[in-house]
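After the sequence you'll find the predicted model.
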Amino acid sequence: MDDVIKGLEDVNIKWTRLTSVDGEKGILRYVGYDIEEIVDKRASAEEIQYLFLNGELPTGEELERFKEKLEEGYDLPDYVINSITGMPRSSDVVGLQMQGMSSLAATSHLGWNAESNRDLAAKVIGQMAAITSVSIRHVLGKKPELPWGSDGFSKSFLRAVFDKEPTEKQAWAMNTVNVLYMDPEVPASTSAGLVAVSTLADLYSGVVAALAAFKGPMHGGAVDQAVQQLIDIGDPENAEEWFNKNVVLGKKKLMGFGHRVYKTYDPRARILGSVADLVALTGDSARLLQVAKALEKLGISTMGTRGIYPNADFYSGLVYMGIGFPPSNGIYPALFAISRVSL
Ligand code: CMC
């Protein structure tokens, strides 16, 4: 860096070399790679995590080394697990992620070290998955279970949360949503994390700061609100009346619609909509998907001319629900937060 700006004077954290968004054309690129191409090629979450940390895709050997570091993180110390399981079952899962990460921040005594942080970052991603598994299981009344296996991040995580082998389709859907949610340029949570580590605080403290900013309904919490709106409507036949009474009359915003940067269809929403088509096949998720489709038509026909289209949060909750996660205790924002820790 050529200029060091002291005291964050006039600092506006907005630009990153890692991600670029063309909001008019609906294009998202990670380090120059188009998101549609990344998803088409079925890149693994680990490959994209490596891309963000190192600025280039890994060779086979580099990927194996990265995965080993990440998998080291699955093995959480007992005191971290106990810090989560000591909390009420009614807790919010993003709050429990903060609890687990705070325990690591309290005990790591690492401070900031740019070189060793690169290896530590891989481990932190694994620890985040392990903390999230323990946290989700805790609010669902289940005993702690840590991710395991070296057949991929998404499979290891799903295996732990659900206590059984995930299907290929579940693992693919989880991997896709993980990759799509990794970075939308510089969101509030990344800014908060950067502010924390700019004081040379350790990486764990940076993650706690980022999670605090992420938790609100204007950020990660919006995923829950988008699903809750579908649950409130309940049936596709109710969609038009609900939309006219609430959105058209200006009483409520249509959650999962509109974006500061995208003024056309968010490419992540398009992909997640097609993933939801493949996983939200039965029960509540299938019915709510029909509600979402009815709302999408109403939303675009009413607000599309003003550049208000579905964003990534419109369908992501249905993907999580189709995989098998219940929409309670902030589980969906917590799943979203796993992706963001890769930055
Ligand atoms: N439903 C109804 N009206 C809307 C919506 C919406 N979803 N989004 C924007 N508008 C209207 C808004 O009421 C305002 O109208 P007016 O000019 O009459 O006051 C106009 O459009 C401009 O709105 P704005 O909030 O100033 O525009 P923005 O581009 O800064 O807003 C936004 C972006 C995301 C805050 C907003 O679209 C919104 O609140 N959406 C709903 C919440 C949501 O889905 N959040 C997830 C964001 S994406 C997350 C991610 O990328 O990871």
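Everything's here; your move. Keep in mind it's a predicted model, so treat the numbers as computed, not measured.

Kindly give the local confidence score, pLDDT, for the one residue in the stretch 151-300 of the chain that gets nearest to the ligand.
In the stretch 151-300 of the chain, the residue that lies nearest the ligand is Gly258 (2.1 Å; C-beta to the nearest ligand atom). Glycine gets a C-beta too; all of them are placed from N, C-alpha and C. On the pLDDT scale, Gly258 is placed at 93.

Could you measure from the residue nearest to it when sequence neighbours are not counted over to Tyr50?
Spatial nearest neighbour of Gly258, excluding adjacent residues (C-beta to C-beta, 6 or more residues apart in numbering): Ile308 at 4.5 Å. Going from Ile308 to Tyr50 by C-beta to C-beta, to the nearest Å gives 35 Å.

what's the answer for Ile271, then?
According to C-beta to C-beta, Ile271 and Tyr50 sit 21 Å apart.

And Leu272, by the same measure?
On the measure of C-beta to C-beta, Leu272 and Tyr50 end up 23 Å apart.

quick one: which of these two has more around it?
With neighbours defined as other C-beta atoms under 10 Å, Leu272 and Tyr50 compare such that Leu272 has more, 27 against 23.

before we move on, which element is the more buried one in?
helix 267-279 (DSSP states H and E).

what about the nearest residue to Leu104 once chain neighbours are set aside, is that helix, strand or coil?
Excluding the flanking residues, the one nearest Leu104 by C-beta to C-beta, 6+ apart is Tyr204, at 4.4 Å. Using DSSP: H, G, I helix; E, B strand; the rest coil as the criterion, the local structure at Tyr204 reads helix.

Quick one: residues contacting Tyr204.
By C-beta atoms under 8 Å, 6 or more residues apart in numbering, the contact list for Tyr204 reads Met101, Ser102, Leu104, Ala105, Ser108, Leu110, Val124.

out of these, what pair is the most spread apart?
Ser102 and Leu110 (14.3 Å; C-beta to C-beta).

So which residues on the chain come close to the ligand?
184, 222, 247, 253-260, 308, 311-313 (C-beta under 6 Å from any ligand atom).

if you set the cut-off to 8 Å instead, what comes out?
Residues of the chain lying close to the ligand by C-beta under 8 Å from any ligand atom are 181, 184, 187, 218-219, 222, 225-226, 247, 250, 252-262, 266, 268, 299, 303, 306-308, 311-314, 336.

Write the PyMOL selection for whichever of those are buried.
Written as a PyMOL command, the selection of buried residues from those, which uses 16 or more other C-beta atoms under 10 Å, is:
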select buried, resi 181+184+187+219+222+225+226+247+254+255+256+257+258+259+262+266+268+299+303+308+311+312+313+314+336
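
Sort out for me which of the residues of the chain next to the ligand are in helices.
Ala222, Gln225, Ala226, Arg268, Gly299, Met303, Asp313, Phe314, Phe336 (DSSP state H).
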